[in-house]
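Student: sequence first, predicted model second:
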Amino acid sequence: MIKRKLTPKLLAALSDSPVILIHGARQTGKSTLVKYLTENEYPAKYLTFDDPGILSAALNNPIEFLMGYEDNLVIDEVQRVPEIFQSIKGLIDKKRKPGKYILTGSSNVLLLPKVSESLAGRMEILNLFPFSQNEISGSEYNFIDAVFKKDFKLTIDLKKKNDLILRILTGGFPEMLLRKERVRQDAWHKSYITTILQRDVRDIANIEKLSELPRLLKLFAARAGTLMNFAELSRSAAIPQTTLKRYVSLLEAVFMILPLPAWSGNLSKRLIKTPKLYLSDTGLLSHLISFEHDKIVNDPLSWGRIVENFVLLELLKQSSWSNYNLSLFYFRTSSGQEVDFIIENSNGSLVGIEVKASTKITADNFNHLKMFADETGKKFLRGFVLYTGKELIPFAKNMFALPISVLW
């Protein structure tokens, strides 16, 4: 069993929070993680709303259903009974006990009406992504923590296997590690998308023209790493903007797409504020646009976007268990100067990251990082260009070129 790096954070939450919500895309390992905990470190009764009998009982009378269990309780796929959150609130208010409930969900229940309000201050929320590359490798190193340390030091393991392409095209879903042939991976992805769109989306919303969603998802995949321009997307998809925005919200709720917000500090430059669009897994992204190994040379634009998407996901995964309270953004001025990713610590310190799907780096690749550093002054800690080469190259004070493999 691959060790999940979120586990220490989850155990810490169980020591003082009455309700812990673990949410994330379907098939990321949420059930495996909570079952492991109930068998080893957290005695609790495990229930899943995928069981028709349990689902029916909870829907019929949520409060009586909960009161039937005195032990700590794990409820899997909790989004299928959103009414249960209000019942949990009532029981917690009467008797607050740390670690009483672990809830897991394959859709973002915080986007459901009144759910986030009902458990405010009572529920800790943890996001479980598909496997990170350092989880797969068994590495204890955490790049995103290292870059915020005052005594920043970094060494490159030149013996590390250069399998970036395989890692990117495979992605992080646990099932993908068991399927080596591309045709078998494609079969799983096809089934996965069908399950999400025909079951999970229906669980959270009654929508018309469900058949439009697969086509729309492919359209989003082809535009991964670009601005979420609803006017352009509406024209391309031939879907009204109001309907399109609803579809986007649903795909975000089931963790298939990830909007990345723009960083909007108080700078002298005019900034773009539209979010950028990314997919939740690069294996899934590659499947949706039929991207194969042999297309890297012939379609460098798509490859560059996939690599950028891959780096973002690794940063998000590491930030989910980081020792720091971090937020991720992108930065772009109205004149087109852009830094792919800005990582902001809760104390205001900033790290900038550019991604290049190239084995060679020049000083020009640091121009936008230097501009951002000049604009943000003392808040800026350091900047990195992550590229597909192998060497660590210092380019200026607090500016480094690093292999993407530093992420694991």
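Tutor: Yes, it's here. The model shown is predicted, which means the values in this text are computed figures rather than measured ones.
Student: how about low-confidence regions in the protein?
Tutor: For the chain, the stretches with pLDDT under 70 are 112-116, 155-162, 207-209, 268.
Student: domain map for it?
Tutor: If you go by automatic domain parsing, the domain ranges for the chain are 7-127, 135-407.
Student: would you mind putting those domains into JSON lines with mean neighbour count and distance to residue 1 alongside?
Tutor: Quick note: C-beta positions are derived from backbone N, CA and C, even for glycine. Below are the domains of the chain laid out as JSON lines (neighbours: other CB atoms under 10 Å; distance: least, CB to CB, whole Å):
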{"stretch": "domain 7-127", "mean neighbour count": "18", "distance to residue 1": "7"}
{"stretch": "domain 135-407", "mean neighbour count": "17", "distance to residue 1": "10"}
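Student: for residue 287, which non-adjacent residue is closest in space?
Tutor: residue 189 (4.0 Å; CB to CB, 6 or more residues apart in numbering).
Student: in terms of helices and strands, where is the one you found?
Tutor: Taking DSSP states H and E as the criterion, residue 189 maps to helix 182-195.
Student: which strands and helices lie in contact with the helix or strand just after that helix?
Tutor: Where DSSP H and E defines the elements, the next helix or strand beyond helix 182-195 is helix 201-204. Counting contacts by 3 or more CB pairs under 8 Å, 6 or more residues apart in numbering; DSSP states H and E, helix 201-204 packs against helix 241-253.
Student: for the helix it packs on, output the C-alpha coordinates as CSV.
Tutor: In CSV, the C-alpha atoms belonging to helix 241-253 read as follows (Å, rounded to 0.1, in the frame of the first residue of the first chain):
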residue,chain,number,x,y,z
GLN,A,241,-23.0,31.2,-21.5
THR,A,242,-25.5,30.8,-18.6
THR,A,243,-25.7,27.0,-19.3
LEU,A,244,-22.0,26.8,-19.9
LYS,A,245,-21.3,28.4,-16.5
ARG,A,246,-23.6,25.9,-14.8
TYR,A,247,-21.8,23.0,-16.5
VAL,A,248,-18.4,24.4,-15.4
SER,A,249,-19.6,24.6,-11.8
LEU,A,250,-20.7,21.0,-12.0
LEU,A,251,-17.5,19.7,-13.5
GLU,A,252,-15.6,21.6,-10.8
ALA,A,253,-17.8,20.2,-8.1
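Student: elements contacting it?
Tutor: Packed against helix 241-253 by the contact rule (3+ CB pairs under 8 Å, 6+ apart) you find helix 201-204, helix 212-222, helix 230-237, strand 257-260.
Student: just how off-centre is the longest one within its chain?
Tutor: In other words, helix 212-222. For helix 212-222, the separation from the chain centroid amounts to 19 Å (computed by CA atoms, centre = their mean, to the nearest Å).
Student: mind telling me what element residue 75 is part of?
Tutor: If you go by DSSP H and E, residue 75 is part of strand 73-76.
Student: still on that earlier bit, the helix holding residue 189 vs helix 212-222, what angle?
Tutor: Counting by axes from the mean of the first three to the mean of the last three CA atoms, to 10 degrees, helix 182-195 lies at 130 degrees to helix 212-222.
Student: output the helices and strands packed on helix 241-253 as JSON lines; include the columns distance to residue 26.
Tutor: Listed next are the helices and strands packed on helix 241-253 as JSON lines, based on distance: least, CB to CB, whole Å:
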{"stretch": "helix 201-204", "distance to residue 26": "11"}
{"stretch": "helix 212-222", "distance to residue 26": "14"}
{"stretch": "helix 230-237", "distance to residue 26": "24"}
{"stretch": "strand 257-260", "distance to residue 26": "14"}
